[in-house]
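S.K.: Predicted model follows, preceded by the sequence.
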Amino acid sequence: MTELGLIDWGVCLAYLGVVFGLALWSVKGQENNEDYFVGGRKMNWLAVGVSMFATSFSSVSFLGLPQRGAYQDFSFYLTILCIPFVITPILWWVFVPLFVRLRVSSGYEYLGRRFGRPAQRIGSGLYCVYAIGWMGTMLYAVALTLQTVMGLSDTQYFWMLIGIGAYTTVYTVLGGLKAVIWTDVLQAGVLGGAIVAVLVLAVGRIDGGWSAFRALAHEHNKFQMFHLDANLLAAKNFTGSNTVFTALAYGLFMYLPGYAVAQNMVQRYVCAGSLAAGRGVVLLSAVINSVLGLAFLLVGTAVFVFYSQAGGPGLPTAGAEIARQDQILPYFVATQLPKIGLLGLILAGLFAAAMSTIDSGINAVISVIVYDWLSGRQLPLRISRTLTGLLGIVVIAAALIVPRFGDNVLQIINVIAGTAL
């Protein structure tokens with residue numbers, strides 16, 4: 001699509017350098033698996049809350065939300081709002097108190113105490129399969145996007161995928177959960193800063209600015225959230241992809257299991273050390289999700305308005321200007337915004353979205369292996385680090401075989417999640 005300039009490369013390299021520096025800083029004070037997997041239960045709850053958002057906000061969301069804003073409407077925002085208004089109260093009153101009170105290191109320890117060791121291992125085993133699947137999918141998705149944006153050959157794509165996976169694995173091996181959380185804070189800042197910058201500059205490219213943006217968006221019903229037939233029992237209320245009922249169902253059956261019992265979330269509920277801190281983590285994450293989710297949808301809408309305004313070239317179509325609709329954000333930045341390092345910032349944001357999901361997943365999977373299958377707290381820390389490195393290799397291998405299951409990344413994730421959870 002375009003070549004990166006020196007400023008773009010500088011932005012990307014600076015981001016990667018700071019990430020590695022945080023990982024090296026995080027090594028200090030790690031003596032055992034409690035430090036490595038739950039941060040010694042003394043992590044700053046504000047940092048953990050930001051990290052929880054970054055973990056849940058993947059590269060698929062980074063690309064997919066602007067796509068929905070550009071080519072659809074705001075109906076998916078109703079699903080995002082399930083997080084603060086439906087899921088957060090359940091976590092606040094049920095799951096966070098449960099895990100904090102039991103002082104678990106693996107969420108599946110609860111299954112072991114309630115139903116026995118076999119149930120604990122079945123639950124953790126299913127989670128491991130699920131997590132490896134979605135980590136591989138995330139790594140594949142970001143490498144595929146970078147291949148298109150940067151015009152990489154298949155060989156360059158191969159080494160890009162391996163490089164991102166290896167880099168993420170190395171800093172996760174070094175710093176454990178502490179490194180994961182503090183690099184997530186940086187990564188959340190990068191992707192948030194990137195999308196706000198794009199939103200301001202995109203609206204600035206619209207003739208008439210914010211007022212024209214609002215007017216044209218309203219004219220095309222881009223802000224519409226609710227799709228509901230007056231007959232509540234009408235079939236289309238339950239089968240449409242953007243109805244109120246399907247949004248709620250997606251939130252309850254896709255989001256809730258991940259937030260309630262997935263190990264990468266359980267770690268964040270317990271690592272701050274108290275019930276009040278755990279609840280603060282959940283609330284802060286929900287607020288950030290709602291605000292930045294809205295920002296990403298607004299960027300997509302601004303892109304639509306720019307291309308649809310009088311004299312505009314028309315919204316790019318998949319298979320013509322762009323390979324897939326989810327490439328609309330990097331395409332717009334590369335072709336329509338000033339060459340001031342912004343594309344590098346977007347790519348750094350894409351790196352951040354992918355790496356914050358993968359690093360959390362790697363640390364979480366090894367934690368359930370250590371606590372549910374091995375000797376837990378007694379296992380030497382060097383073995384936990386070795387297992388973390390080996391899992392990184394497995395994730396890279398998973399990313400390389402994902403294309404065999406088809407090109408629809410979201411469908412791949414949903415199939416894996418539906419099977420395991």
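M.R.: Great, that's in hand.
S.K.: next one: stretch 302-314 to chain centre, how far?
M.R.: Centroid separation for stretch 302-314 versus its chain: 29 Å, with Cα atoms, centre = their mean, to the nearest Å.
S.K.: which residue packs closest to residue 209, ignoring adjacent ones?
M.R.: Of all residues not flanking residue 209 in the chain, residue 203 sits nearest, at 6.1 Å (Cβ to Cβ, 6 or more residues apart in numbering). (C-beta placed from N, C-alpha, C; glycine too.)
S.K.: Now the phi/psi pair for residue 32, please.
M.R.: Main-chain torsions, residue 32, degrees, to the nearest 10: phi -150, psi -180.
S.K.: before we move on, back to that, any idea whether the residue nearest to residue 209 is helix, strand or coil?
M.R.: Three-state call for residue 203 (DSSP: H, G, I helix; E, B strand; the rest coil): helix.
S.K.: mind listing what residue 299 touches?
M.R.: The contact partners of residue 299, taken as Cβ atoms under 8 Å, 6 or more residues apart in numbering, are 65, 66, 69, 195, 198, 199, 202, 329.
S.K.: For the last one, give its distance to residue 288.
M.R.: The spacing between residue 329 and residue 288, counted by Cβ to Cβ, to the nearest Å, is 19 Å.
S.K.: that older thread, of the contacts of residue 299, which is the most crowded?
M.R.: residue 66 (31 neighbours; other Cβ atoms under 10 Å).
S.K.: Now do it against residue 329, distance only.
M.R.: Separation of residue 66 from residue 329 (Cβ to Cβ): 4 Å.
S.K.: low-confidence ranges in the stretch 1-150 of the chain?
M.R.: 1-3 (pLDDT under 70).
S.K.: residue boundaries of the helices in it?
M.R.: 6-26, 33-38, 45-56, 59-71, 75-82, 88-90, 96-102, 109-115, 117-150 (DSSP state H, counting those that start in this stretch).
S.K.: Any chance of TSV for the ones you listed, columns distance to residue 346?
M.R.: Shown next, in TSV, are the helices of the stretch 1-150 of the chain (distance: least, Cβ to Cβ, whole Å):
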stretch	distance to residue 346
helix 6-26	9
helix 33-38	33
helix 45-56	16
helix 59-71	9
helix 75-82	21
helix 88-90	29
helix 96-102	34
helix 109-115	40
helix 117-150	9
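S.K.: Indicate which one of the ones you listed is closest to residue 306.
M.R.: Comparison of the helices of the stretch 1-150 of the chain against residue 306 by Cβ to Cβ identifies helix 59-71 as nearest, at 9.6 Å.
S.K.: circling back to that earlier point, quick check: which of the helices of the stretch 1-150 of the chain is nearest to residue 276?
M.R.: Among the helices of the stretch 1-150 of the chain, the nearest to residue 276 by Cβ to Cβ is helix 45-56 (8.2 Å).
S.K.: what does the closest one contact?
M.R.: Helix 45-56 is contacted by residues 180-182, 184-185, 187-188, 191, 258-259, 264-265, 268, 271-272, 277-278, 280-285, 288-289, 292, 352-353, 356-357, 360 when judged by Cβ under 8 Å, 6+ apart.
S.K.: Only the buried members of the residues you listed: can you turn that into a PyMOL selection?
M.R.: Command for PyMOL, covering only those of the contacts of helix 45-56 found buried under the criterion 16 or more other Cβ atoms under 10 Å:
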select buried, resi 180+181+182+184+185+187+188+191+258+259+264+265+268+271+272+277+278+280+281+282+283+284+285+288+289+292+352+353+356+357+360
